[in-house]
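**Student:** mind folding the following:
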Amino acid sequence: MVLQDFRLSGRSEGFPGNPPDIPRTEGIKYAGSKLRLLPYILDMAAETGCSSVFDAFSGSTRVSQAFAAHGLAVTANDSAVYSKILNTAWLLNDRPPAAYAELIAHLNSLPPQRGWFTEHYGGLCAEGRSLGADGCKKPWQEKNTMKLDAVRSEIDRLQLDELTRAVCLTSLMLALDRVDNTMGHFVSYLGKWSKRSYGDLHLTLPPLRINPPEKHTVLQADVFSAALHPSAVSAEAAYLDPPYGSCNDKMPPSRIRYRAYYHLWTTVCLNDRPLLTGRALRRKDAGDNVAPSVFEDFRKTPQGKYHAAEALDRLIRTVRCPLVILSYGSCGRIDPASLQEILCANGTLLRAEKINFRRHVMALMQTTRVWAQDSAEPNCEYLFLLRK
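**Tutor:** Numbering: from 1, shown residues only. I've put the predicted structure just below:
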């Protein structure tokens with residue numbers, strides 16, 4: 001099957017709503033976000049006529065939110081704790097948003113306090129430079145980390161139920177994302193304060209939907225284990241969006257991209273004051289060469305196949321859903337021909353599409369371009385529909 005340029009079909013039969021009419025979703029800045037690809041993903045899901053889906057790598061949760069908004073029963077999984085928190089708020093909420101209004105107002109009323117987050121991640125607004133007391137660049141101004149310290153301590157002190165805690169942390173992450181001083185990740189920070197970093201940290205009530213009881217399931221597990229969870233096994237379709245790594249042989253090993261890029265969201269959620277490393281003060285458990293993702297593995301097996309390709313083949317074989325939608329980028333380690341070979345070995349490839357897609361902002365950074373391929377080279381996202 002030859003990859004075709006994607007043309008939206010606008011199908012609605014067998015699918016609640018018209019896929020190109022994209023529902024509102026919310027999210028933090030995220031390198032792997034599929035926000036701009038939602039019309040294409042939903043269009044392909046519409047072709048399946050499915051009513052339930054297993055989102056195996058939920059990440060920023062944009063796709064899970066969109067599936068749920070269109071009436072599908074969603075099993076959302078990701079190994080990251082912040083993804084579980086976000087999915088819990090978006091998919092498991094069973095109360096009117098107004099039920100949280102008093103609590104959000106209370107958190108906003110707290111006086112700022114100097115604590116652990118300010119000590120490590122707060123910078124003084126001096127001569128426009130984003131430097132802290134240690135002379136290193138920082139992701140937030142001190143006025144906002146002091147508010148973060150106060151809010152985060154209060155969330156723990158209140159001993160909230162899991163859903164209410166998730167809503168509060170979701171509101172906090174969205175608020176922090178609006179006033180950060182980054183390019184969209186926490187591996188390095190901007191040298192001069194971004195315009196948005198001057199804003200005041202203010203929590204707002206997330207635009208929550210009231211979900212039918214027990215319709216959705218939220219998991220935080222290794223993807224191979226999650227694929228065997230009863231709710232994933234019973235889903236009619238699986239959406240797979242594995243991390244891509246890099247197809248550039250000159251690129252050094254991945255820094256466990258998502259664990260490293262978004263280590264601070266993990267710390268905000270856990271409030272565990274972890275050991276830190278490097279000038280960006282990453283969590284030590286998110287450092288280089290710690291529990292790397294096999295899907296980003298740059299190495300080859302003795303048989304000459306990439307470990308990433310073998311992992312994807314294993315995952316597709318593990319998934320029990322009869323239909324699989326696979327999303328993969330042209331910047332990834334596995335080339336389109338190998339992707340199609342893997343898919344065809346596991347069933348019938350019903351559709352193969354490509355979408356021209358602008359590179360994410362991190363690919364344009366100077367430190368990345370040293371290793372990256374020619375930035376003028378087109379970047380595409382591939383979508384495949386497989387019947388197992």
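
**Student:** my read is that Leu160 contacts Glu154, right?
**Tutor:** No: assessed by CB atoms under 8 Å, Leu160 is found out of contact with Glu154, at 10.0 Å. The C-beta positions use only the backbone N, C-alpha and C, and glycine is treated the same way.

**Student:** the helices in the stretch 1-150 of the chain, which residues?
**Tutor:** 38-48, 62-69, 81-92, 101-109, 116-121, 142-157 (DSSP state H, counting those that start in this stretch).

**Student:** and for the stretch 251-388 of the chain?
**Tutor:** In the stretch 251-388 of the chain, the helices defined using DSSP H, counting those that start in this stretch lie at 257-261, 263-270, 307-318, 336-344, 366-369.

**Student:** quick one: least confident helix or strand in this protein?
**Tutor:** In the chain, no helix or strand scores lower on mean pLDDT, DSSP states H and E than helix 366-369, which sits at a mean of 41.

**Student:** which regions of the stretch 1-150 of the chain sit below the pLDDT cut-off?
**Tutor:** Applying pLDDT under 70 to the stretch 1-150 of the chain flags residues 1-20, 125-128.

**Student:** can you map out the strands along the stretch 151-300 of the chain?
**Tutor:** Assigned strands in the stretch 151-300 of the chain, in chain order: 217-219, 237-240, 276-277, 282-283 (criterion: DSSP state E, counting those that start in this stretch).

**Student:** got a list of what the residue nearest to Thr277 when sequence neighbours are not counted touches?
**Tutor:** Distances taken as CB to CB, 6 or more residues apart in numbering put Lys284 closest to Thr277, at 4.8 Å, once the chain neighbours are dropped. The contact partners of Lys284, by CB atoms under 8 Å, 6 or more residues apart in numbering, come to Pro274, Leu275, Leu276, Thr277, Val290.

**Student:** the first one reaches Asp285, doesn't it?
**Tutor:** Right, the one you point to is Pro274. Yes: counting by CB under 8 Å, Pro274 does reach Asp285; the two are 6.5 Å apart.

**Student:** low pLDDT regions in the stretch 201-350 of the chain?
**Tutor:** Across the stretch 201-350 of the chain, the ranges flagged by pLDDT under 70 are 245-256, 288-292.

**Student:** cutoff 90 now
**Tutor:** Low-confidence segments of the stretch 201-350 of the chain, defined by pLDDT under 90, are located at 243-260, 286-308, 329-338, 340.

**Student:** re earlier: anything in contact with each of Pro274 and Asp285?
**Tutor:** Residues touching both Pro274 and Asp285 by CB under 8 Å, 6+ apart: none at all.

**Student:** can you redo the strands of the stretch 151-300 of the chain as a markdown table with distance to Leu326?
**Tutor:** Converted to a markdown table, the strands of the stretch 151-300 of the chain look like this (distance: least, CB to CB, whole Å):
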| stretch | distance to Leu326 |
| --- | --- |
| strand 217-219 | 19 |
| strand 237-240 | 5 |
| strand 276-277 | 35 |
| strand 282-283 | 30 |
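
**Student:** make TSV from the ones you listed and add mean neighbour count and distance to Tyr198 to it.
**Tutor:** What follows is these, written out as TSV (neighbours: other CB atoms under 10 Å; distance: least, CB to CB, whole Å):
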stretch	mean neighbour count	distance to Tyr198
strand 217-219	24	35
strand 237-240	26	38
strand 276-277	16	26
strand 282-283	22	25
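
**Student:** quick one: which of those strands is nearest Phe186?
**Tutor:** Judged by CB to CB, the one of the strands of the stretch 151-300 of the chain that comes nearest to Phe186 is strand 282-283, at 7.3 Å.

**Student:** any idea how far the closest one is from the chain center?
**Tutor:** In terms of CA atoms, centre = their mean, to the nearest Å, the centre of strand 282-283 is found 18 Å from the chain centre.

**Student:** am I right that Gly287 is in contact with Ala260?
**Tutor:** Yes: because the distance of 7.4 Å satisfies CB under 8 Å, Gly287 is recorded as touching Ala260.

**Student:** which other residues reach stretch 132-142?
**Tutor:** Contacts of stretch 132-142 from elsewhere in the structure, counted by CB under 8 Å, 6+ apart, are 118, 120-125, 130-131, 148, 176, 179-182, 186, 188-191, 193, 197-198, 201, 264, 279-281.

**Student:** if any of the residues you listed are buried, put those into a ChimeraX selection.
**Tutor:** Here is the ChimeraX selection string for the buried members of these, based on 16 or more other CB atoms under 10 Å:
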select :118,120,121,122,123,130,131,148,176,179,180,181,182,186,188,189,193,197,201,264,280,281
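
**Student:** list the buried residues in stretch 77-95.
**Tutor:** Within stretch 77-95, the residues scored as buried using 16+ other CB under 10 Å are 77-93.

**Student:** what is the burial count for the nearest residue to Pro96 once chain neighbours are set aside?
**Tutor:** Distances taken as CB to CB, 6+ apart put Ile210 closest to Pro96, at 6.5 Å, once the chain neighbours are dropped. Applying the criterion other CB atoms under 10 Å, we find 11 residues in the vicinity of Ile210.

**Student:** looking at it, Ile28 is touching Asp180, isn't it?
**Tutor:** No: with contacts defined as CB under 8 Å, Ile28 does not count as touching Asp180, sitting 9.2 Å away.

**Student:** quick revisit: and the residue nearest to Thr277, how far from Trp140?
**Tutor:** Distance, Lys284 to Trp140, by CB to CB, to the nearest Å: 21 Å.

**Student:** give the burial count for Ser194, as a bare number.
**Tutor:** 17.

**Student:** start to end distance for stretch 105-114?
**Tutor:** Distance between the boundary residues of stretch 105-114 (CA to CA, to the nearest Å) amounts to 21 Å.
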